[in-house]
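Novice: Sharing a model prediction with you, sequence too.
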Amino acid sequence: MKEFNIKRHYATKHATLHSPTGQLRTEKIQKLTANLEKQQQMFHKQRTRLDNVVKASFVLCSKLAKALKPFAEGEFIKECMLGVCGILCPEKKNEFEKISLSRRTVIRRIKMMANDIKTTLTDRMAGFESFSIALDESTDLSDTAQLAIFMRGVDKEFTVTEELLALQPLKGTATGEDIFFSSFGLPWSKLIEVCSDGAPSMVGLRKGFIGILNEKATELNVQKDDLIVLRSIIHQQNLCSKSI
């Protein structure tokens, strides 16, 4: 009954609006289309502004990380930008105010970039035809052993990738078991060369990294003769230069 009443009211009072045809229909469609495009452009511009603000935040956080600056300096940098912007381009000050550079934000951005780099590097390593690693152990100011792991690999397109794979803290007594890890999913069967320093945790026949590596090679049926092991190459070069 209600549906009938509404339909009768619409047909009686608003018949001119029902199913427009001809020029009226064309104008109505053009008007609706223009309104839709206007709304879409407005949302697109707003989205672009937000994307640029986030991108600027990532760029500044990357600069802080590369310069080894405290994360709290992000807020100071923002104050400087707002001061300069108020003089040179006051009309853009609102955009600069939207850039988030708080300490928490800087930490979050840097972690996101680090995870992205790790993912990209892991994907590249999965396509290696062969690779080599170099390891160097040292102790930081807190008396914690830190192992720097460098990687160099080549894929089937002969593209060479050389990166610092990780800086691994070694808690307590550093042994080969602590060093031998697979968090990056390296294809160990394609390892062709290892270069390490002369520390016992590296060169020990049983507990050292080289010993653990030989056991892994045996498990993977890799010929030990195919694996080149260089020990303390920098030290050897120094001794050679002194003797000459």
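Specialist: Sure thing, it's come through. Numbers count the residues shown, from 1 in each chain.
Novice: so which helix or strand takes in Glu193?
Specialist: Here Glu193 sits within strand 191-196, counting by DSSP states H and E.
Novice: And that strand, what's buried?
Specialist: Leu191, Val194, Cys195, Ser196 (16 or more other CB atoms under 10 Å). C-beta here means a position set from N, CA and C on the backbone, and glycine is covered the same way.
Novice: what do you get for stretch 57-70?
Specialist: Residues of stretch 57-70 classed as buried: Ser57, Leu60, Cys61, Leu64 (neighbour count, 16+ other CB under 10 Å).
Novice: Ok, stretch 80-99 next?
Specialist: For stretch 80-99, burial by neighbour count (16+ other CB under 10 Å) applies to Met81, Cys85, Phe96, Ile99.
Novice: Quote the end-to-end distance of it.
Specialist: 13 Å (CA to CA, to the nearest Å).
Novice: likewise stretch 65-80?
Specialist: End-to-end distance of stretch 65-80 (CA to CA): 18 Å.
Novice: residues in contact with Leu82?
Specialist: Lys93, Phe96, Glu97 (CB atoms under 8 Å, 6 or more residues apart in numbering).
Novice: and the residue nearest to Val160 when sequence neighbours are not counted, what element?
Specialist: Excluding the flanking residues, the one nearest Val160 by CB to CB, 6 or more residues apart in numbering is Val154, at 5.2 Å. Following DSSP H and E, one finds Val154 within strand 145-155.
Novice: Listing partners with orientation, what would you give for that strand?
Specialist: Its sheet considered, strand 145-155 pairs with strand 128-139 (antiparallel), strand 160-170 (antiparallel) by DSSP bridges.
Novice: Sort out which residues of the shortest one are buried, please.
Specialist: Taking 16+ other CB under 10 Å as the neighbour-count basis, strand 160-170 is seen to contain the buried residues Leu165, Ala166, Gln168, Leu170.
Novice: Same check on stretch 103-110?
Specialist: Across stretch 103-110, burial judged by 16+ other CB under 10 Å covers Thr105, Val106, Arg109, Ile110.
Novice: Just the mean pLDDT for that stretch, thanks.
Specialist: Averaged over stretch 103-110, pLDDT sits at 94.
Novice: Kindly report the same for stretch 151-168.
Specialist: 87.
Novice: what does stretch 23-37 give?
Specialist: Mean pLDDT, stretch 23-37: 73.
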